[in-house]
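Student: Sequence first, predicted model second:
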Amino acid sequence: MHKNGERGVGGHPSLYDAFNLGDRVKRTRKDKEGKPKEYKGTVLAIDEEAIEIYWDTVNGKFRPEDMGIAFTTCPIYEIFNGTENYTPIKKEHR
């Protein structure tokens, strides 16, 4: 629960409770051939409706040439539910 004891936007947990600045996170995306690519990154900013992530690794390789993305702002629905192309965002457990 968030500061006032309520859940976050759309019935999802508060992003402040689910993530901390600096958390390592991951998600998977299927490429054009249907092969999964695992992206990993660091949470740079959090607000009530989104987190900003710097993606730095794809399939274990640091910033490969064909990576294509670096910074994304992910809205709360996408974080917890994913999209047609991306899985939900999860904390990376070490």
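Tutor: Sure thing, it's come through.

Student: List the buried residues for the longest strand along the chain?
Tutor: Ordering each strand of the chain by length in residues (DSSP state E) puts strand 36-46 first. Within strand 36-46, the residues that count as buried by 16 or more other Cβ atoms under 10 Å are 39-43, 46. Every C-beta, even on glycine, is put in place using the N, C-alpha and C of the backbone.

Student: Likewise for stretch 77-94?
Tutor: For stretch 77-94, using 16+ other Cβ under 10 Å, the buried residues are 78-80, 86-87, 89.

Student: so Thr87 makes contact with Val25?
Tutor: No - the criterion here is Cβ atoms under 8 Å, and Thr87 misses it with Val25 at 11.2 Å.

Student: ok, back up a step: can you list contacts of the helix or strand just after the longest strand of the chain?
Tutor: Following strand 36-46 in sequence order, the next helix or strand is strand 50-58 (DSSP states H and E). With contacts defined as Cβ atoms under 8 Å, 6 or more residues apart in numbering, strand 50-58 is touched by 15, 19, 25, 37-46, 62-64, 67, 69-76, 79, 89.

Student: Give me the residue ranges of the chain where confidence is low.
Tutor: Residue ranges of the chain with pLDDT under 70: 1-9, 94.

Student: let's see it at 50
Tutor: Across the chain, the ranges flagged by pLDDT under 50 are 1-6.

Student: just checking, what packs against the longest helix along the chain?
Tutor: For the chain, the helix with the greatest residue count under DSSP state H is helix 76-81. Applying 3 or more Cβ pairs under 8 Å, 6 or more residues apart in numbering; DSSP states H and E, one finds that helix 76-81 contacts helix 15-18, strand 50-58.
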